[in-house]
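sequence? don't have it. structure:
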Ligand code: AMP
């Protein structure tokens, strides 16, 4: 029998960003008490809960003490040091499992795991540890590749496209000559993602296929259900969930090729920007789904009643809330960030589309 957390139990969330904020807001109606661990007392998540521990993510002692004060620990971004998660696990269960966190933190480990262990296709790749590797990778990967830092890359940061040997070698150096991975450049038809979940009991749920549009490497728009959802991507995503003995919400980003097949781009062991539409589509939101999964509750309903689009509000675009909030088909979600910078995710809106 797995432990089921009763209402009133304490859920600790490491991370104070908008994902932590939306997790906390989804946990409240289920009766849970949320504790946030963040270095920033004014972070988006800290603004909506009464229990906040201020500390650095690599302060193993402080994270350990935080974990000892709650019933379960989860996290809202994948760059918390695995050592901190291990320290937390001494006192409380940590979900998603630390192995998933560790796997997703390193693009090489991630690609190997998804391909070798889970048996799910990824873009052909090659490790790059010096500029000659970069040159070799270009040849092996058919003359055009994307070189990415193995760690800490997000929203297109820490990656360059190379189509010549000089670009590959210079590109590697421009990334700081840190350990990298080169991936074959994939001329995909579209980018899609699957948000899926597994609870402590092993029950599984997957939302319909989501189609994503990026601008300047940052997610701009997600629509669900996507056209032509064969269910194949969900089957692949659930294989990854199973391989990782996963608990919580997992996001799997794919490239879909012209022949309809899928290659995994990356996984995120957490709730994900491409799942924000779930808040207003008449299904269980990804945030509630994650809380249910880690609390051992039955999973909710992943099937939306309405076709919904999500559009991110970056930097000054957040001021559109004035007009957007007049539209009855639109729900505006703002993150409470006082410091607006170009490209910074300040909020998003969900719009119900005609069926
Ligand atoms: P990532 O940070 O890996 O999610 O990459 C950000 C974006 O860059 C992706 O959403 C794609 O639009 C593009 N991209 C990344 N890897 C590749 C690839 N191997 N081939 C083509 N485009 C890519």
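Received, thanks. Treat the numbers as computed from the prediction; the structure is a model and nothing was measured.

alpha carbons only for contacts and neighbour counts from here, please
Fine.

Angles on the backbone of the residue of the stretch 1-150 of the chain found nearest the ligand, please.
Closest to the ligand within the stretch 1-150 of the chain is residue 146: 5.5 Å, counting by Cα to the nearest ligand atom. Residue 146 adopts backbone torsions of phi -110, psi 120, taken as degrees, to the nearest 10.

Packing partners of the longest helix along the chain?
If each helix of the chain is counted by residues according to DSSP state H, the longest one is helix 232-243. When contacts are defined as 3 or more Cα pairs under 8 Å, 6 or more residues apart in numbering; DSSP states H and E, helix 232-243 packs onto strand 190-198, strand 204-206, strand 248-256.

Now render the ones you listed as JSON lines, adding mean neighbour count and mean pLDDT.
Formatted as JSON lines, the helices and strands packed on helix 232-243 follow (neighbours: other Cα atoms under 10 Å; pLDDT from 0 to 100):
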{"stretch": "strand 190-198", "mean neighbour count": "25", "mean pLDDT": "98"}
{"stretch": "strand 204-206", "mean neighbour count": "21", "mean pLDDT": "97"}
{"stretch": "strand 248-256", "mean neighbour count": "25", "mean pLDDT": "98"}
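
got the ones you listed as TSV, with distance to residue 318 columns?
Shown next, in TSV, are the helices and strands packed on helix 232-243 (distance: least, Cα to Cα, whole Å):
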stretch	distance to residue 318
strand 190-198	25
strand 204-206	30
strand 248-256	25
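
Quick one: end-to-end distance for stretch 45-60.
End-to-end span of stretch 45-60 (Cα to Cα, to the nearest Å): 21 Å.

just stretch 246-261 next, same as before
End-to-end for stretch 246-261, by Cα to Cα: 25 Å.

Quick check: mean pLDDT of the longest helix of the chain?
The average pLDDT for helix 232-243 rounds to 97.

Which residues of this protein lie near the ligand?
Neighbours of the ligand within the chain, by Cα under 6 Å from any ligand atom: 146, 154, 155, 156, 183, 184, 185, 186, 217.

Just the buried residues out of those, in ChimeraX syntax.
To isolate the buried ones among the residues of the chain next to the ligand in ChimeraX, judged by 16 or more other Cα atoms under 10 Å, type:
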select :146,183,184,185,186
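
before we move on, the earlier item: now the longest helix of the chain against strand 248-256, angle please.
Inter-element angle recorded for helix 232-243 and strand 248-256: 140 degrees (by axes from the mean of the first three to the mean of the last three Cα atoms, to 10 degrees).

Quick check: buried residues in helix 232-243?
Under 16+ other Cα under 10 Å, the buried positions of helix 232-243 are 233, 234, 236, 237, 238, 239, 240, 241.

Looks like the residue of the stretch 1-150 of the chain closest to the ligand contacts residue 180 (just checking).
No. Look at residue 146 against residue 180 with Cα atoms under 8 Å: they stay out of range, at 10.1 Å.

Measure how buried the spatially closest residue to residue 300 that is not a sequence neighbour is and give me the count.
Nearest residue to residue 300, sequence neighbours excluded (Cα to Cα, 6 or more residues apart in numbering): residue 284, at 5.4 Å. Look at residue 284: counted by other Cα atoms under 10 Å, it has 21 neighbours.
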